[in-house]
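Enquirer: just need the structure, nothing else, for what follows:
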Amino acid sequence: MRSSASVVIIGAGVMGASVACHLALRGCRDVVVLEQFESEVQGSTARSAAGVRHQFSHELNVRMSQYGIERYKHFQTEMDADSGLHQVGYLFLINDAENWRGYTEATAMQQALGVRTRLLQPSEISAIVPDVVTDDLIGATFNPDDGFCDPHSVAMGYLANARRLGVTVERNAQVRGITTQSGRIVSVDTAQGSISCETVINCAGSWAGAVAALAGLEVPILPYRRNVYVTQPTTIIPGQMPLTVDVTSGFWIRKEHDSLIMGLSKPDEAPGYNIAVDWAWLDTVLDAGFARFPRLGDVTLNEKQCWAGCYEITPDHMPILGRHPELPSFINAAGFSGHGIMHAPATGLVIAEEVLDGTAQSFAIDPLRIERYRTGSIFERNII
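Expert: Model (predicted):
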């Protein structure tokens, strides 16, 4: 392993890959990416359900998604890799007045930014997704430009370009310590040895809070399991299907080739790195699904294809970006709470600016800096 670098990035998932690539594109190539696993993209990125959407209630999230989805549309040209982008849309089903007001306001804000989200009446929903129970719905929001991508292909595409430009990726390099002196980072200690450096970028995803603690910092990011249940191939929903979310229950579902994948966050899930599928939770997920899609009773689960992974969750479900005020050479790019794949391109851009220009410029990330927890968190309504 190299003994020194100007910049050390911890984590070779989609966020670390994007940051490494954007630094290299700016000419900063004395960079080492440390990955704890035997190969890159083995953490949360590999276990993502891969949704990308414009439909948020906070303008900064919308703008970052706009940038990310645009980059994925041109990923083949820009990165010589296929992003696997499928713009099948996102459909949010709403059955209570409070959420309807919030989503209506968010839709107006999105439209003002040039986003093609629109409000639907219940009678319009079946034209987009057939056989949905709409009797209790007030309406829905739909954006045809949302969808999903291939997070593994995206991350590997970024890493391939970073390597081509001179970035080094070290595998089996779990970080065991971060040494500081007089308010500056001196070195990072790993399972493969020590590497001296000037700047550390924390892209460790679900492990980001633990990595920060190695530098004596408190960064409120915890891992929470999320389950994805997969059916056998089925024709109950013919043709294209948007990723559909029942807002009240939190149940979501989309097509994956000829199968359906679905999930529902468990409210009392304890934090931890357990990525075994929670079969005891399946009945609750299916009950929520049957209530909105009765024909799910006609499909069979493909137990061998189901999986689980970890969200990296912050107290306000928003990422923590930028320099840590107690150790300015330690930069966070983590805590995306399920939105990492859609915001990876924008994050790589602004973190490269944070390193090379002193502060982010392309997006106003001050609301996402860790200092917000001293003054009050920002609020994002549209959480899945």
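
Enquirer: helices of the stretch 151-300 of the chain, start to end?
Expert: 151-164, 208-214, 282-292 (DSSP state H, counting those that start in this stretch).

Enquirer: CSV for those, including distance to Gly272, mean pLDDT and mean neighbour count?
Expert: Glycine gets a C-beta too; all of them are placed from N, C-alpha and C. Shown next, in CSV, are the helices of the stretch 151-300 of the chain (distance: least, C-beta to C-beta, whole Å; pLDDT from 0 to 100; neighbours: other C-beta atoms under 10 Å):
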stretch, distance to Gly272, mean pLDDT, mean neighbour count
helix 151-164, 22, 98, 22
helix 208-214, 12, 98, 21
helix 282-292, 19, 97, 17
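
Enquirer: Asp366: which of those helices is closest?
Expert: Nearest of the helices of the stretch 151-300 of the chain to Asp366, taken as C-beta to C-beta: helix 208-214 at 19.5 Å.

Enquirer: list the contacts of the closest one.
Expert: 10-11, 175-178, 202, 204, 218-222, 312, 320, 324, 330, 332, 334-335 (C-beta atoms under 8 Å, 6 or more residues apart in numbering).

Enquirer: picking that back up, nearest to Pro242, out of the helices of the stretch 151-300 of the chain?
Expert: Checked against C-beta to C-beta, the stretch from those lying closest is helix 282-292, at 13.6 Å.

Enquirer: which ones are touching the residue positioned nearest the centre of the chain?
Expert: Centroid check for the chain by C-alpha atoms, centre = their mean gives Gly340 as the closest residue, at 2.0 Å. Applying C-beta under 8 Å, 6+ apart to Gly340 gives the contacts 13-15, 44-45, 48, 205, 312, 319.

Enquirer: CA atoms only: put the worst-scoring helix or strand of the chain on mean pLDDT into CSV for me.
Expert: Ranking every helix and strand in the chain by mean pLDDT, DSSP states H and E puts helix 372-375 at the bottom, with a mean of 89. The C-alpha trace of helix 372-375 is given here as CSV (Å, rounded to 0.1, in the frame of the first residue of the first chain):
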residue,chain,number,x,y,z
ARG,A,372,-27.0,22.7,11.4
TYR,A,373,-27.5,20.5,14.4
ARG,A,374,-26.6,23.4,16.6
THR,A,375,-29.2,25.7,15.1
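
Enquirer: would you mark the buried spots in it?
Expert: Across helix 372-375, burial judged by 16 or more other C-beta atoms under 10 Å covers Arg372.

Enquirer: for stretch 97-111, same thing?
Expert: Those would be 99-100, 102-103, 106-107, 109-110, for stretch 97-111 by 16+ other C-beta under 10 Å.

Enquirer: then stretch 323-340?
Expert: Using 16+ other C-beta under 10 Å as the test for burial, stretch 323-340 gives 323-324, 327, 329-340.

Enquirer: give the contact list for Tyr229.
Expert: 261-263, 277, 282, 285, 301, 306.

Enquirer: need the buried residues of stretch 97-111 in JSON lines (columns: secondary structure and distance to Gln121).
Expert: As requested, the buried residues of stretch 97-111 are exported to JSON lines (DSSP: H, G, I helix; E, B strand; the rest coil; distance: C-beta to C-beta, whole Å):
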{"residue": "Asn99", "secondary structure": "helix", "distance to Gln121": "16"}
{"residue": "Trp100", "secondary structure": "helix", "distance to Gln121": "12"}
{"residue": "Gly102", "secondary structure": "helix", "distance to Gln121": "18"}
{"residue": "Tyr103", "secondary structure": "helix", "distance to Gln121": "13"}
{"residue": "Ala106", "secondary structure": "helix", "distance to Gln121": "18"}
{"residue": "Thr107", "secondary structure": "helix", "distance to Gln121": "13"}
{"residue": "Met109", "secondary structure": "helix", "distance to Gln121": "21"}
{"residue": "Gln110", "secondary structure": "helix", "distance to Gln121": "18"}
